[in-house]
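Asks: fold the following for me, if possible:
(chains A and B)
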Amino acid sequence: MTLTLQPLVDPMLTHQYVLREIVKETPDTFTLTTEPDIGDHNNSFTPGQFSMLWVFGVGELPISISGDPAKRHQLVYTVRSVGQGTHALVSQSVGNSVGVRGPLGTGWPLEAAGGKDVILVAGGIGLAPLRPLVYHVLSNRKDYGRLVLLYGARSPRELLYRKELATWARNHETQVLVTVDYGGLSWRGHVGVVTTLFKYARLQPAHSVAMVCGPEIMMRFVTRELETHGLRREDIYLSMERNMKCAVGFCGHCQYGPYFICKDGPVFRYDQIRPLLEKYEL
Amino acid sequence: MESLERIIAEHPFFEGLDSEFVQLMVSCASNVRFKADTYILKEGDPANTFYLIREGKVAVELFAPQRRPIIVATLGVGELLGWSWLLPPFQWRFHARAIDGVRAIALDGKCLRTKCEENHDLGYAVLKRFAQIMERRLEATRLQLLDVYSVSP
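Replies: Next up is the predicted model:
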């Protein structure tokens, strides 16, 4: 009899990566490009997945992968400095090492979106886990229908990837709509919450898959808007976030009803978690 | 050239409105244009008009003493600008500026108020449409107030 061992060891293994580039996106958000320190580590990932990044001497943090899945020699992360761990991470210098465990979790539903229009709705740092998907759709244009990206941020200076947003908007069969909650007089774009962009979006609800990432309250309003526009609940996917520790479903820190965000998510189909979104204090 | 009647009838705001009411609207309507960066209306001024935006984008601005003005909302094609003409004291509460060249249908609020008082069916139809817009903008403002992208405490 042959015993087949489950791959429980790999997700717990941390690999050493070197920071190759640090780009300041906004006053508190940075994009870090990392490469394996030694050897030819496999960096393939599905858009929407995350890694646990270990800042030596500080701790481990779950960070979404925000780079191009076709660039397999590197892993890219966009990090907002909001606490001790993320501050330590973005304060690193090029050439420093970080530990990387992953890629982990579920990704965006590439197969379900095949042949359909892809509607992406992002709020704030929520654009980071959606960016790999934009890269993927744009490099595999014939496999998907139109790409519609609705993106909201707090103010113009807090918009991520501004140059890329402009480049994507020029792409064939792509509609990019950007809004900010508050704009100064020099801002000539939209002002209003991300849901106000729907009236300008060219949607074909029966032939679309929507993927949403942002603050949970924003996602609640966005799902309502998507449903109003005729999208079916089973065609809507959300990326959820909770505090994580082990990131492989052992510790229970990120338990979300019957699910663990780290293992069963972070990407969930809306109809599967809808009742949980309406529960207080969950 | 498109007729005012057709433009009004096809504007999302008046979608489904009885043709008899559309005729009444047309008698209060005119085509207007605003160059980029000109003010369409200013806070405190008498509010006697509202606009159906056909082209361009309008910034709704709020002034606070000793601070630069901020844009709290933008309105685009198919949207409606201005409801202060509908209720006393008939004064604008915000500034509205054309961000780029704006083409719109201006509706004379005084004229329409009179017609709505004379014909309550028309008044109810107009009020229902404004109530829908107010409800949507109130919801958007509530979400905006939550400042959802800020760092949690």
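Asks: A:Thr33 bridge partners, please.
Replies: A:Glu21, A:Val76 (DSSP bridges).
Asks: tell me the contacts of it?
Replies: A:Leu19, A:Arg20, A:Glu21, A:Ile22, A:Val23, A:Gly67, A:Gln74, A:Leu75, A:Val76 (CB atoms under 8 Å, 6 or more residues apart in numbering or on different chains). Bear in mind the C-beta positions are built from the backbone N, C-alpha and C, glycine included.
Asks: just the pLDDT for B:Lys110.
Replies: Looking at B:Lys110, its pLDDT is 91.
Asks: export the contacts of A:Thr33 to a markdown table and tack on neighbour count and pLDDT?
Replies: Formatted as a markdown table, those follow (neighbours: other CB atoms under 10 Å in any protein chain shown; pLDDT from 0 to 100):
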| residue | neighbour count | pLDDT |
| --- | --- | --- |
| A:Leu19 | 18 | 94 |
| A:Arg20 | 14 | 94 |
| A:Glu21 | 12 | 95 |
| A:Ile22 | 17 | 95 |
| A:Val23 | 12 | 95 |
| A:Gly67 | 22 | 95 |
| A:Gln74 | 15 | 92 |
| A:Leu75 | 27 | 93 |
| A:Val76 | 20 | 96 |
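Asks: list the buried residues of whatever helix or strand B:Thr141 lives in.
Replies: If you go by DSSP states H and E, B:Thr141 is part of helix B:120-146. Applying a neighbour-count criterion of 16 or more other CB atoms under 10 Å in any protein chain shown, the buried positions in helix B:120-146 are B:Leu122, B:Gly123, B:Ala125, B:Val126, B:Arg129, B:Arg137, B:Ala140, B:Leu143, B:Gln144.
Asks: so who does the third one touch?
Replies: In this case it means B:Ala125. B:Leu17, B:Asp18, B:Phe21.
Asks: what sits closest to the first one if chain neighbours are left out?
Replies: Taking CB to CB, 6 or more residues apart in numbering or on different chains, and ignoring the residues beside it in sequence, B:Leu17 has B:Ala125 as its nearest neighbour in space, at 6.2 Å.
Asks: gap between the one you found and chain A?
Replies: Counting by CB to the nearest CB, to the nearest Å, the gap between B:Ala125 and chain A amounts to 21 Å.
Asks: what pLDDT does that residue get?
Replies: The model reports B:Ala125 with a pLDDT of 91.
Asks: and for B:Val151?
Replies: pLDDT for B:Val151: 64.
Asks: the residue nearest to B:Leu17 and B:Phe94, how far apart?
Replies: Going from B:Ala125 to B:Phe94 by CB to CB, to the nearest Å gives 26 Å.
Asks: so which residues on the stretch 1-150 of chain A come close to chain B?
Replies: Within reach of chain B by CB under 8 Å from any CB of the partner chain, the stretch 1-150 of chain A has these residues: A:Arg80, A:Val82, A:Gly123, A:Gly124, A:Ile125.
Asks: let's see it at 7 Å
Replies: Neighbours of chain B within the stretch 1-150 of chain A, by CB under 7 Å from any CB of the partner chain: A:Val82, A:Gly123, A:Gly124.
Asks: got JSON lines for the residues you listed, with pLDDT, neighbour count and secondary structure too?
Replies: Shown next, in JSON lines, are those (pLDDT from 0 to 100; neighbours: other CB atoms under 10 Å in any protein chain shown; DSSP: H, G, I helix; E, B strand; the rest coil):
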{"residue": "A:Val82", "pLDDT": "90", "neighbour count": "15", "secondary structure": "coil"}
{"residue": "A:Gly123", "pLDDT": "95", "neighbour count": "28", "secondary structure": "strand"}
{"residue": "A:Gly124", "pLDDT": "93", "neighbour count": "26", "secondary structure": "helix"}
